[in-house]
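Q: Have a look; sequence and predicted model below, questions after that.
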Amino acid sequence: MRSTTRKIPVNSPLPDVTPINGSVSEQPPAAPNTARAREAAAAANGTETRTEHFRRKALRGRLHGYAIGTVALVALLIALAASNTGQVKVNWLIGNSQVSLVWLVLAAAILGWVLGLMASARFHWRTRAPRRQREARS
């Protein structure tokens, strides 16, 4: 449903207020004054400030650092697996068994990670901010 508005200028009694002429839909939207909006406008114009250039290069450097760290971690895990292929005796509460050391280390790492996630979730749940009371609906 489309409504029409009158296009009569309104004279404002205040000296610093500019009246709006026409419908609101005819007014150009105001651009938000955020860093992301400024970067988008600069990209559209083909200009870039020194600060924006530095931020972009710093982000690229951090991403390269994360990539190098990930590759180093994978290489370390492969070296750990290759050097620990021997069989070890594992004593359980009832009996014992022979297991490859690499599978034992991997299972212990995964178990520790899962228990850490569960403990973190539990701590977060126990220390969360109190919830606001909802109003009764009728």
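A: Great, that's in hand.
Q: Now the phi/psi pair for residue 89, please.
A: Phi and psi for residue 89, reported as degrees, to the nearest 10, are phi -90, psi 130.
Q: Then residue 96?
A: phi -150, psi 170.
Q: can you check residue 107 too?
A: When read as degrees, to the nearest 10, the backbone of residue 107 gives phi -60, psi -40.
Q: Report pLDDT for it.
A: We note a pLDDT of 90 for residue 107 in this prediction.
Q: ok, now residue 121?
A: 91.
Q: Residue 34 versus that one, what's the distance?
A: To residue 34, residue 121 is 33 Å away according to CB to CB, to the nearest Å. (C-beta placed from N, C-alpha, C; glycine too.)
Q: show me where pLDDT drops low in the chain?
A: Scanning the chain with the threshold set as pLDDT under 70 gives 1-33, 35, 39, 42, 135-138.
Q: Alpha carbons of the host helix or strand of residue 88, as CSV, please.
A: When elements are assigned from DSSP states H and E, residue 88 belongs to strand 87-91. Taking only C-alpha atoms (Å, rounded to 0.1, in the frame of the first residue of the first chain), the coordinates of strand 87-91 have been written out as CSV:
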residue,chain,number,x,y,z
GLN,A,87,54.0,-49.9,20.1
VAL,A,88,53.5,-49.2,23.8
LYS,A,89,51.9,-51.1,26.6
VAL,A,90,48.8,-49.3,28.1
ASN,A,91,47.6,-50.5,31.5
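Q: Could you report the neighbour count for residue 88?
A: 14 (other CB atoms under 10 Å).
Q: wait, residue 115
A: Neighbour tally, residue 115, other CB under 10 Å: 10.
Q: Residue 116 too?
A: Here the count is done by other CB under 10 Å, and residue 116 has 10 residues near it.
Q: go on, residue 103?
A: Neighbours of residue 103 (other CB under 10 Å): 13.
Q: can you list the domains in this structure?
A: Per automatic domain parsing, the structural domains of the chain span 41-83, 86-127.
Q: Just send the ones you listed back as JSON lines, with distance to residue 133 too.
A: Converted to JSON lines, the domains of the chain look like this (distance: least, CB to CB, whole Å):
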{"stretch": "domain 41-83", "distance to residue 133": "43"}
{"stretch": "domain 86-127", "distance to residue 133": "19"}
